[in-house]
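Student: My questions are about this predicted structure, shown below with the sequence.
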Amino acid sequence: MTFNFDKENHFSAIANSYQNLRTTDEEPIAYILENLKSHKNLDIIDLGCGTGRYDVLLLDELDDDCRITGVDANQEMLDEFSVNMKLHRHSDFHAVSSTIEEFPKINSKRYDVVLSFNALHHFNLGKLLTLISQILSPNGVAFLFTRTRNQNQRSILGKYFPKFDYYESRLVSLTEMENTILDTSGIELSEIKVFKYLRKAKLEELVLQVNNHHYSTFSIYEKEELEESIYDFEQLLRYEFDNSSQISWIDRNVMFKIVKSRRRFELDNS
Ligand SMILES: C[S@@+](CC[C@H](N)C(=O)[O-])C[C@H]1O[C@@H](n2cnc3c(N)ncnc32)[C@H](O)[C@@H]1O
């Protein structure tokens, strides 16, 4: 079951503060850099780019002749993307206002590198993978970074925040991702890379993030339900951890590396 929420309002409301609310890890960018055959003259696209916080990290390490297109459905997030690019002195960028689902109608280009960070669960997965198969250049590579349903269940919110796992039903499982890639002609899964991070925070920092809806999941809750859940979350954490100023846990993410299919004959779907 997928729960509805006002996606447009959610992202408009947090666009300004988004980068401070979320943790930006460098390891996924290091992995992408290691897996790119060249760091020169690349056409890059980020689907659901948001503020482009990962894109600037990547572009900072690539040659200046690389170009990036950020696609996002939310104008406020895209505005932050443009600000961020300029702040990092990356002038060769395009900010495209479109949903991923509508993007094929306005795009005829191919890209050497296709990226998507923390956005898969907002898209129609089949349509996203079909789009990737259409826009990936023959030697291109796509990197899709997300957390799986299982990884979400094992996070601090999944374990201790009431109904967080129940409401967060949009995340994919490894099997669903593998099968949907298999069902998409023209691309294949090259690698699955798992990331693990030891996190530490104060209880009040965790509560502040929730109050600011750092995950869109919190915009699914009714106001009163969210307040009660925050109260229960605080009580549970105080009970579990001796020191509420030093709460520690492990976060996990996954990167799917996808390339053009090397299969000589595609199986048809019949
Ligand atoms: C959780 S944010 C991630 C932003 C960024 N990739 C990051 O990791 O910081 C998800 C982004 O996807 C965008 N988005 C959601 N649904 C979309 C869709 N169908 N097409 C394009 N963008 C979408 C939202 O506006 C938002 O900026």
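Tutor: Okay, I see it.
Student: When you work out contacts or count neighbours from here on, use the C-alpha atoms and nothing else.
Tutor: Noted.
Student: After the lengthiest helix in the chain, which helix or strand is next? Please name it.
Tutor: Counting residues, the longest helix found in the chain (DSSP state H) is helix 223-240. Sequence-wise, the next helix or strand downstream of helix 223-240 (DSSP states H and E) is strand 247-260.
Student: what about the worst-scoring helix or strand of the chain on mean pLDDT and the ligand, touching?
Tutor: Least confident helix or strand of the chain, by mean pLDDT, DSSP states H and E, is helix 18-21 with a mean of 85. No - contact between helix 18-21 and the ligand is absent, the nearest approach being 7.1 Å (criterion: Cα under 6 Å from any ligand atom).
Student: residues in contact with that helix?
Tutor: For helix 18-21, contacts defined as Cα atoms under 8 Å, 6 or more residues apart in numbering pick out 51, 53, 209, 212, 214.
Student: Would you mind writing the CA trace of the helix or strand harbouring residue 69 as PDB?
Tutor: Per DSSP H and E: residue 69 is located in strand 67-72. Provided in PDB are the C-alpha atoms of strand 67-72 (Å, rounded to 0.1, in the frame of the first residue of the first chain):
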ATOM      1  CA  ARG A  67      28.500  19.200 -18.100                       C
ATOM      2  CA  ILE A  68      25.500  18.400 -15.900                       C
ATOM      3  CA  THR A  69      21.700  18.500 -16.400                       C
ATOM      4  CA  GLY A  70      19.600  18.400 -13.200                       C
ATOM      5  CA  VAL A  71      16.000  17.200 -13.700                       C
ATOM      6  CA  ASP A  72      13.500  17.800 -10.900                       C
END
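Student: still on that earlier bit, most neighbours out of the contacts of helix 18-21, which is it?
Tutor: residue 51 (25 neighbours; other Cα atoms under 10 Å).
Student: And it, its phi and psi?
Tutor: For residue 51, the backbone dihedrals (degrees, to the nearest 10) come out as phi -80, psi 0.
Student: and it, how far is that from the ligand?
Tutor: Distance, residue 51 to the ligand, using Cα to the nearest ligand atom, to the nearest Å: 6 Å.
Student: hang on, isn't that residue packed against residue 74?
Tutor: No - counting by Cα atoms under 8 Å, residue 51 stays clear of residue 74, with 10.1 Å between them.
Student: quick one: strands adjacent to the strand holding residue 69?
Tutor: Note on strand 67-72: by DSSP bridges, its sheet partners are strand 43-47 (parallel), strand 93-97 (parallel).
Student: so for the last one, what's the average pLDDT?
Tutor: Per-region confidence: strand 93-97 scores 98 on mean pLDDT.
Student: Give the next helix or strand downstream of the least confident helix or strand of the chain.
Tutor: helix 27-35.
Student: dump the residue contacts of the residue nearest the centre of the chain.
Tutor: Central residue of the chain (Cα atoms, centre = their mean): residue 118, 1.1 Å from the mean position. Listed by Cα under 8 Å, 6+ apart, the contact set of residue 118 reads 145-147.
Student: run the last query once more with 7 Å
Tutor: Shown in contact with residue 118 (Cα atoms under 7 Å, 6 or more residues apart in numbering): 145-146.
Student: Now do the contacts for residue 158.
Tutor: Applying Cα under 7 Å, 6+ apart to residue 158 gives the contacts 152, 164-165.
Student: circling back to that earlier point, outside of the strand holding residue 69 itself, list whatever touches it.
Tutor: 42-50, 78, 92-99.
Student: same thing but 8 Å
Tutor: Applying Cα under 8 Å, 6+ apart, the set of residues contacting strand 67-72 is 41-50, 52, 78, 81, 92-100.
Student: What is the neighbour count of residue 186?
Tutor: Neighbour count of residue 186, defined by other Cα under 10 Å: 21.
Student: which of the contacts of strand 67-72 count as buried?
Tutor: Neighbour-count burial within these applies to 42-50, 52, 78, 81, 93-98, 100; the criterion is 16 or more other Cα atoms under 10 Å.
Student: about what we covered before: and the pLDDT for the residue nearest to the centre of the chain?
Tutor: 97.
Student: how near is the residue in the stretch 51-200 of the chain positioned nearest to the ligand to residue 34?
Tutor: Per Cα to the nearest ligand atom, residue 99 is where the stretch 51-200 of the chain lies closest to the ligand, at 3.2 Å. With distances taken as Cα to Cα, to the nearest Å, residue 99 is found 30 Å from residue 34.
Student: Thanks a lot, catch you later.
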